[in-house]
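[1] coords please:
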Amino acid sequence: RWLFNQAVCTLYAFCGVLFGLCSLTSLTVLSTVCCLKVCYPAYGRCWDAVSDLYSHLLLLLCVWAYALMFATAPLAEWGSYGPEPYGTACCITWKASSREATLYILALFIFCYLLPCLLILVSYSLILWTVQVSRRAVRQH
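    Next up, the predicted model:
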């Protein structure tokens, strides 16, 4: 069973959601930037206009802001954190008890799982396609 109080449960779940979302969002941004640089070099150079340090810092801040927005939503009563079904850890309360909780879970699924996974899939597919087209062009010459 969960050995600590509700405040520690909430903090534990918040940290798990925050760092998990940061991880997936970072991978999404990384795949998108790689896709821009490989498949669309003219657009990929837009990051070169600004110092690399500032562009990376800006992307990092956007990743954390995006993750914080969804991780803090249950703290603002849009969704909730609570013990997992087995009671040994805490996470998002998946059994929605209200319309707002259902909307939060739906938004989390779409914007924090489905959309990032699709962006990663499309980005790497475009990279593979570009490499394949380039390989054919080199073989012809």
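
[2] ok, and Ser125, which helix or strand is that part of?
    Ser125 is part of helix 115-140 when elements are defined by DSSP states H and E.

[3] list the helices and strands that helix packs on?
    If contacts are counted by 3 or more C-beta pairs under 8 Å, 6 or more residues apart in numbering; DSSP states H and E, helix 115-140 sits against helix 6-39. Just so you know, the C-beta spots here come from the backbone N, C-alpha and C atoms, and that holds for glycine as well.

[4] roughly how far is the helix it packs on from the heart of the chain?
    Taking the mean of its C-alpha atoms, helix 6-39 sits 4 Å from the chain's own mean (C-alpha atoms, centre = their mean, to the nearest Å).

[5] can you give me the buried ones in it?
    9-10, 12-14, 16-18, 21-22, 24-29, 31-33, 35-36, 38-39 (16 or more other C-beta atoms under 10 Å).

[6] and for stretch 63-70?
    Of the residues in stretch 63-70, those buried under the neighbour-count criterion (16+ other C-beta under 10 Å) are 63-64, 66-67, 70.

[7] just how off-centre is it within its chain?
    How far stretch 63-70 lies from its chain's middle: 8 Å, per C-alpha atoms, centre = their mean.

[8] average pLDDT for it?
    Across stretch 63-70, the average pLDDT comes to 97.

[9] need the contact partners of that stretch.
    17-18, 21-22, 25-26, 29, 107-108, 111-112 (C-beta atoms under 8 Å, 6 or more residues apart in numbering).

[10] tell me the one among the buried residues of stretch 63-70 nearest to Tyr124.
    Tyr124 lies nearest to Val63 out of the buried residues of stretch 63-70, by C-beta to C-beta, at 18.4 Å.

[11] no more questions from me, cheers.
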